[in-house]
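[1] pasting a predicted model and its sequence here:
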Amino acid sequence: MAGHHAKYDDMVESSGLTMENHRRCSARAGKGKRLWKKVKYQLVEYHCLPGYLRDNEYILGHYRSEWPLKQALLSVFSIHNETLNVWTHLIGFFLFLALTIYTAMKVPKVVDLHSLQHFHGIVKKADLHKLQEELLKCLPSLPSMDMLTSLSSWHVKELLYNCLPERFSSGNHTDGCVLHSVKEDLANIIAPLMMRPITRWPFFAFLGGAMFCLLASSVCHLLSCHSERMAYIMLRLDYAGIAALISTSFYPPVYYSFMCNPLLCNLYLLSITLLGISTILFSLLPVFQNPEFRTIRASLFFGMGLSGVAPILHKLYLFWGEPEVFRTTGYEILMGALYGIGALVYATRIPERWKPGKFDIAGHSHQLFHILVVAGAYTHYRAGLVYLRWRDLRGC
């Protein structure tokens, strides 16, 4: 019998649990069950976890450990230390799904909505019928519609704007600034309608990358507690999603900045794509998941983001002075700051390292990281809208 007990003790120790921790886990079973009645399966503390689930020693409790797949899925509606990790990115996924549908249905129509509303308000001050008459006189002097579709919107706008001054007089409206604004807004509105809109695939590639990243992250946090094999697969999926988001984030600024120079455009796109693929392949190595590589993981993804500085500086050099370029750059700086702060919070485990156990359910570093990622991706979406409007109006 003594040999049997010794063998049992050896088995417990070999599983990574000391006898003291084993007794502590058993003693807290009833307490945990009373506190978390909505959770069918017991939540455990950090020292009760198998090695593959130990990632953050500053989050002390409320872990799910080796739950059946069905219960892991249903735990999306229960309270544990991964609840907000799941929902912060799941809500982000649905946000970007809605933005994708909105962009596909509305953006080609509303890209100049602000100009249209502004123009409509000004025309009330002028003579709408007179403006229509002058526009009809102006249109016959323009090239044919077939020729217009082969021109950029920038050149179409130049033709429209140069035609109106000789024919469109202010009449009783003596405000020259209003007259100039009417002509400018009119050209901005009509020009995009006379040409095919710039391709949208880089913008939708970014939206797809964002949705893949957010959904992969949510699924990873939800199902990794099932088994070591599932955790391995889910974490690789999560890393692939992060790399996809960073890579596709470069597609809109690179494509729309250098679309008139195919060599530069393809070179930048190929470089960031290869860097993203390399990061995904590196993340497949089992050692990549070890807790001691946490800082290296954050640094690798941060380095991917930092590689975008070159095309942004190049864009500024080529188009210095154009307001859209400064606006998009401002958005991109804000996006980079949000991603960078998120990576820093993730790597340093702030604030839970200051008060271990106080942020187990809400407020720990990974949740803050998730929120900053969603905010950064949305900032980039706003930049993408500016790029679309800019290129639709300017062409090459």
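    On my side now, so go ahead.
[2] ok, Arg64 to Leu99 distance?
    32 Å (CB to CB, to the nearest Å). In this view, the C-beta of every residue, glycine as well, is placed from N, C-alpha and C.
[3] of these two, who's got more company?
    Arg64 (24 against 19; other CB atoms under 10 Å).
[4] how about that one, nearest residue that isn't a chain neighbour?
    Spatially, and ignoring its direct neighbours in sequence, Arg64 is nearest to Cys225 (4.0 Å; CB to CB, 6 or more residues apart in numbering).
[5] dihedrals phi and psi, that neighbour?
    Main-chain dihedrals, Cys225, degrees, to the nearest 10: phi -80, psi -10.
[6] which ones are touching it?
    Listed by CB atoms under 8 Å, 6 or more residues apart in numbering, the contact set of Cys225 reads Leu53, Tyr63, Arg64, Ser65, Glu66, Trp67, Ala72, Ser75, Glu82, Ala231.
[7] and the pLDDT for it?
    pLDDT recorded at Cys225 is 95.
[8] show me where pLDDT drops low in the stretch 251-396 of the chain?
    For the stretch 251-396 of the chain, applying pLDDT under 70 flags the ranges 287-295, 297-298, 396.
[9] cool, the stretch 101-250 of the chain as well?
    For the stretch 101-250 of the chain, the stretches with pLDDT under 70 are 108-197.
[10] kindly recompute the last result at 90.
    Residues of the stretch 101-250 of the chain meeting the criterion pLDDT under 90: 104-199, 232, 235-236, 239-240, 242-243, 246-247.
[11] which of the contacts of Cys225 sits closest to Thr379?
    Glu82 (26.1 Å; CB to CB).
[12] what is the burial count for the closest one?
    Applying the criterion other CB under 10 Å, we find 26 residues in the vicinity of Glu82.
[13] next: the one 10 residues further on.
    A count of nearby residues for Gly92, using other CB under 10 Å, gives 24.
[14] next one: the one 10 residues further on
    A count of neighbours around Tyr102, defined by other CB under 10 Å, yields 11.
[15] so which bits of stretch 271-284 are buried?
    Buried residues in stretch 271-284, counted by 16 or more other CB atoms under 10 Å: Ile272, Leu275, Gly276, Thr279, Ile280, Ser283.
[16] contacting residues around that stretch?
    236, 239-240, 243-244, 246-247, 250, 254, 288, 297, 300-301, 304, 307-308.
[17] same question, stretch 53-68
    Residues outside stretch 53-68 that contact it (CB under 8 Å, 6+ apart) are 36, 41, 43-46, 48-50, 72, 75, 79-82, 224-227, 231, 291, 294, 349, 352-353, 356-357, 359-361, 364-366.
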